[in-house]
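Participant: give me coordinates for this.
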Amino acid sequence: MTIYLEEKIKYYDDEYRAGRALITDKQFDQLERNLLRINPKCDYFNKQNKLVLPSLPKDNLEEFLEGLLPNTRIIVEAKVDGCAIAISYKDGNLEKAISRKGIDVSEKIKTIKSIPKEINIRSSFMVRGELFTKEEEPAFSQRIASGYLRSKSYEPNQKITFAAFQIINGNCNQYESLNYLRKLGFSVLESYQANRTSQIETYRQAWKSKKIFADIPTDGIVIKINSRKLQLLREKSYGCYPYSQMAIKY
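Facilitator: Numbering: from 1, shown residues only. As a prediction, the model looks like this:
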């Protein structure tokens, strides 16, 4: 039973990454939860944890809030439905870009106009973001972006863009990191600050009613602890990355 379920989930995941979503995100998440309940130590979860750009934990808001003070500052961002990309710069020049599974997509990424080819920084710098299309529904946005990365063409759909949302191994708070990315020339999507954890539900409802993030393809919101010090303490205490942030999709 466990082996069959694991193979089924892997099949659906591979099809989704190939731009052929066969079930909804909600159905896929339920299958993952069932497998996690039955066999949390199976190969599927071990491999997921080894991904270069691991997926965010999802939907367990109560667990995320556990141990946080009510006035912990939280940054609320859009959960963009696209393709996760990490980009490294060396001596200010775009050196390499990789996909979620570690595939080198450097030459494709260099064709995206919204991605700076040079930045005003002379040390090693790594940024994570999402490749997506603004004028499409979420599922189509991911399909178009992933299709371009797989294709042999180097002339991207003009709708394809990139938004940065994290400095990998950075030392700044999340809010400061987003501002710094803007100064370096990256496109950064609108975000919100929740000064009390109780405000998260307000932003979730605002997303569901399309009062925020309405002009981009989203399938939820991402909540992140703002303090970098608190992020590191939390990740160390939970023993896994990236438990200082979580995707809320329901």
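
Participant: any idea which element residue 54 lies in?
Facilitator: Per DSSP states H and E: residue 54 is located in neither a helix nor a strand.

Participant: and the average pLDDT for the longest helix along the chain is what?
Facilitator: In the chain, assigned by DSSP state H, the helix with the most residues is helix 2-17. Across helix 2-17, pLDDT averages out at 78.

Participant: which strand or helix spans the residue nearest the centre of the chain?
Facilitator: In the chain, the centroid-proximal residue (C-alpha atoms, centre = their mean) is residue 84; its distance is 6.0 Å. Using DSSP H and E, the element containing residue 84 is strand 83-90.

Participant: buried ones in that strand, by neighbour count?
Facilitator: 83-87, 89 (16 or more other C-beta atoms under 10 Å). No exception for glycine: its C-beta is placed from N, CA and C like everyone else's.

Participant: as JSON lines, the residues you listed with pLDDT and distance to residue 12 would be great.
Facilitator: JSON lines is the format used below for the buried residues of strand 83-90 (pLDDT from 0 to 100; distance: C-beta to C-beta, whole Å):
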{"residue": "83", "pLDDT": "92", "distance to residue 12": "17"}
{"residue": "84", "pLDDT": "93", "distance to residue 12": "18"}
{"residue": "85", "pLDDT": "95", "distance to residue 12": "22"}
{"residue": "86", "pLDDT": "94", "distance to residue 12": "24"}
{"residue": "87", "pLDDT": "95", "distance to residue 12": "28"}
{"residue": "89", "pLDDT": "95", "distance to residue 12": "35"}
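
Participant: domain ranges for the chain?
Facilitator: 2-50, 62-248 (automatic domain parsing).

Participant: nearest to residue 56, of these?
Facilitator: When these are compared by C-beta to C-beta, domain 62-248 sits nearest residue 56, at 4.3 Å.
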